[in-house]
Every structure is written in C-alpha cells, then in structure tokens.
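K.L.:
Just to be clear, the model below is a prediction. Sequence and coordinates:
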Amino acid sequence: MEESLKQLMEMLSVVKASQEEMKEDMKSSQQKLEEKLEDNREDMKRGQEELKQDMRRAQEDMKANQEELKQKLEDKLQEMKTTIEDSNTKLENKLKEFEEVVEEEITQVKEEVKAIEGELSHMKEDAKADKKEMNKKMEDLETKFRQLSTTGIIKTEGTVTTPSKVKVPTYDGKVSWNTYLRQFEAVVRNWREEDKATSLIAALRGEALEVLRTIPEASLNYAVLTSALERRYGDAHLQHVYQAQLRSRRQRFEETLQQYEADISRMVNLAYPTAPAEVIEQLSVSSFIEGLRDPEIGQLVRLARHKTISEALAQALEIEAAKQASRGTSKIRQVKTYQYQDRERKVQRPGPLFLTLRTNASTRKS
C-alpha cells in the first residue's frame, strides 16, 4: 500500500515536472512569436514607407509627363493655327484673283451682249425690210394670180401671155412633191418660165410657202424654186427607205390582189424613179410575185415569165378564181362520194390543182 502511494507520488512529481517543462517551453515559444511579430511589424512599417516613397515618385513623374505632354499639345496647336492662317491667307488671295477674273469675264460678256444686241437690232431692221419686200412681192403675185384666175391673162412688162385657163393646184408640202410636180407640169406646159414661177409661188401654202425665205429675190426663178422644193420635199433622199420597204413588202391577209398590185407599182416608182420603163416593169413583176400571200399562185405566175405587172395580176386573179371554184367543186364531189361510199367502198379524190393550173399556164404561154 505504501509502495503504491510512493509510486503514485513519484508519478505525480513526474507529471508536475513535465508540466513545468511544458510551461517553460510555451513561454519561450510565445516570447519567440512575439519577437517575430515585432520584427514583422517593423518590416511592414519599412515596406509602407518605401511604398509611400514610390507613390510620391510616381506622382511626381506623372506630373512631369503631363506638363511635357501639355507643352507638346500647345506647340502642335500653335503650329496648326499658323498653318490654317497661312491657308486662309492663300485662299483669300486666290479668291481675290478669281473675283478679278470673273469681273473681267463679266465685262467682256456684257460687251459681247451689247454687240449681239446691236446685231439683233440690225437683223430686226433687215427682217422688217425683208418682210415688207416679201409682202409687196406676195401682193404682186396675188394680183397676177387674180388676173390669171379671172381673165386667164397675166400682164408683164412689155408682153402679154395667155396660158391655159386650167386652175393650178395648191401645194402645202403634205403630198409627194414628185407627184405634184407632174400634175403642175401638165397644167403649165408651154408656159414661159416666168409664168411658171409666178403660178408655182401663188400655189404654195402653209409650210411650203416658207421655202421662199431661203431664196434671194435676185435669183428667184422657176428652176431655182423647183430645186429648193425638191431638196425639201422630194423623194430622192428616201429612195433607200422605199427600197427596203419594197423588199419586205408582203400581201396582207385581207388585201386584194388589185390593192396589192397598185401598192407595189407605187413603191417601185418611188424606190427607182430614174429607172427605165422596162426595168420598172421587171422590178414590179418580181416584187409582186415575191410578196404574194399564196405560194402556189406565186409559183404559177413565176413560171409564166410575164413582162408586165398587169399580165402577172391578170393571171393571179385567174388562178385565185380557179382555186375558189375548185374548192366549191371539191365540196360537191365530197358529198357525192360519201353518198355512194356504202355501195362502192371507195373515195374518189380529184387530181392536184397545181398540175392542172400548171398545164393551163403552159398552154397559155404556147
């Protein structure tokens, strides 16, 4: 028992000793930790001081850079201002020069306008004089034309002529000049050139009357007047147009052979006004055949080799009549054939019309 107590006491003493050692260790550790914390505080203070110094230096550098940048911007602005002022000065100088040039041009234009106005005034005076002269001339022509219409006699200086009493047709430029000239020449045949010119001038109406303005009075005669009217209203410059129309001319659907032949003759005469009569007939026949609506009629008429378009028209009319009659006969035969079909069981067909008409054409040619 005592031994157990002794052991227990020893153990307690050992435990106390261990606790004392642990306390000492803890004190020493705590002291060391406090020392480290103190060192860390000092390091942090030193770091903060260094950071503050770095921030002060950075702020000073930024301020210096801002001052430098500000100075550079001010220098650049001053340079741009100087450049703009120089450009404005140059522009003002150029504008002044341009204004001076424009003023000179305006002065020249005003002088030219004054000169043109003077010329126009002279031209107006000349036009008035020409108008008076033309009116006087027209009055003289009207007087002569009244004499011609009433008495058939035109009084001229020193002589008296008695042209035909047939009334001269008027011309306003809306019909073919060549056709009108043929009609006029037929009326004034055997007249003097002066009487022809007088009658033609009196016959002019509307736009055609304006041709007189282009002819000087000193050179006004029948030949000059007809030449001027030919240049303005003639068909010579339209020959190639008429030739192209003739090449493309075809018989229309409801157009009769007579109407088609008349138009072909008219177009050939317009397209080739100076060609001989034989050439006109040949061209008329070939154009008539080429444009026929029915190719069978055209082939038969071509085989006949007609020399005039009248002969070609006559044969075309005969063939057309024969075809119409043949169509009527064919219908009658068809009805009769169907009536006897049950008895004979055979359909009779007429021979080709082409061979029949060709035989007739060959017989006529022989």
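P.N.:
Received it, and whenever you're ready, just let me know what you need.
K.L.:
Find me the pLDDT at residue 297, would you?
P.N.:
Residue 297 is assigned 93 on the pLDDT scale.
K.L.:
same check, this time on the one 5 residues further on
P.N.:
We have a pLDDT of 94 for residue 302.
K.L.:
Excluding chain neighbours, what is closest to it?
P.N.:
residue 289 (5.2 Å; Cβ to Cβ, 6 or more residues apart in numbering). Any C-beta I mention is one placed from the backbone N, CA and C, and that applies to glycine too.
K.L.:
contacting residues for that neighbour?
P.N.:
Residue 289 is in contact with 298, 301, 302, 312, counting by Cβ atoms under 8 Å, 6 or more residues apart in numbering.
K.L.:
most neighbours, which of these?
P.N.:
Ranked by neighbour count (other Cβ atoms under 10 Å), these have residue 312 at the top, with 26 neighbours.
K.L.:
Surely it touches residue 301?
P.N.:
Yes: using Cβ atoms under 8 Å, residue 312 is in contact with residue 301, at 5.3 Å.
K.L.:
what do the two both touch?
P.N.:
Residues touching both residue 312 and residue 301 (Cβ under 8 Å, 6+ apart): 288, 289.
K.L.:
number of nearby residues for residue 309?
P.N.:
23.
K.L.:
I figured it was touching residue 282, is that so?
P.N.:
No: contact between residue 309 and residue 282 fails when scored by Cβ under 8 Å: they sit 9.3 Å apart.
K.L.:
Output the below-cut-off pLDDT ranges for the stretch 151-300 of the chain.
P.N.:
Applying pLDDT under 70 to the stretch 151-300 of the chain picks out residues 151-166, 236-237.
K.L.:
That one: strands as residue ranges?
P.N.:
154-155, 160-161 (DSSP state E, counting those that start in this stretch).
K.L.:
And the helices in the stretch 51-200 of the chain?
P.N.:
Assigned by DSSP state H, counting those that start in this stretch, the helices in the stretch 51-200 of the chain fall at 177-187, 193-203.
K.L.:
actually the stretch 251-366 of the chain, not the one I wrote
P.N.:
Under DSSP H, counting those that start in this stretch, the stretch 251-366 of the chain gives helices at 257-271, 277-290, 295-304, 309-339, 341-344, 353-365.
K.L.:
looking at the helices of the stretch 51-200 of the chain, which is buried most?
P.N.:
Highest mean neighbour count of the helices of the stretch 51-200 of the chain: helix 193-203, a mean of 19 (counted as mean count of other Cβ atoms under 10 Å).
K.L.:
Pull the contacting residues for residue 208.
P.N.:
Counting by Cβ under 8 Å, 6+ apart, residue 208 touches 171, 172, 173, 229, 233.
K.L.:
let's go with 10 Å and repeat that
P.N.:
Residues near residue 208 by Cβ atoms under 10 Å, 6 or more residues apart in numbering: 170, 171, 172, 173, 174, 177, 180, 200, 229, 232, 233.
K.L.:
okay if I get those residues as TSV plus distance to residue 189?
P.N.:
Converted to TSV, the contacts of residue 208 look like this (distance: Cβ to Cβ, whole Å):
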residue	distance to residue 189
170	19
171	17
172	23
173	23
174	25
177	18
180	15
200	14
229	19
232	24
233	22
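K.L.:
Report the buried members of the residues you listed.
P.N.:
Neighbour counting by 16 or more other Cβ atoms under 10 Å classes 171, 173, 177, 180, 200, 229, 233 among the contacts of residue 208 as buried.
K.L.:
Turn those into a markdown table, columns for distance to residue 252.
P.N.:
Below are the buried ones among the contacts of residue 208 laid out as a markdown table (distance: Cβ to Cβ, whole Å):
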| residue | distance to residue 252 |
| --- | --- |
| 171 | 31 |
| 173 | 29 |
| 177 | 28 |
| 180 | 28 |
| 200 | 38 |
| 229 | 33 |
| 233 | 28 |
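K.L.:
most centrally placed residue in the chain?
P.N.:
Nearest to the centroid of the C-alpha atoms of the chain, with distances taken as Cα atoms, centre = their mean, sits residue 241, at 21.4 Å.
K.L.:
I'd guessed that one sits against residue 247; true?
P.N.:
No: between residue 241 and residue 247 there is no contact under Cβ atoms under 10 Å: 11.1 Å.
K.L.:
Overlap in contacts, these two.
P.N.:
Counting by Cβ under 10 Å, 6+ apart, the common neighbours of residue 241 and residue 247 are residue 271.
K.L.:
Where do the domain boundaries of this protein fall?
P.N.:
68-140, 151-234, 239-365 (automatic domain parsing).
K.L.:
hang on, the earlier thing: state the distance from the residue nearest to the centre of the chain to residue 50.
P.N.:
Residue 241 sits 108 Å away from residue 50, taking Cβ to Cβ, to the nearest Å as the criterion.
K.L.:
burial count for residue 288?
P.N.:
Residue neighbour count, defined by other Cβ under 10 Å, stands at 25 for residue 288.
K.L.:
can you check residue 220 too?
P.N.:
Count around residue 220 with other Cβ under 10 Å applied: 14.
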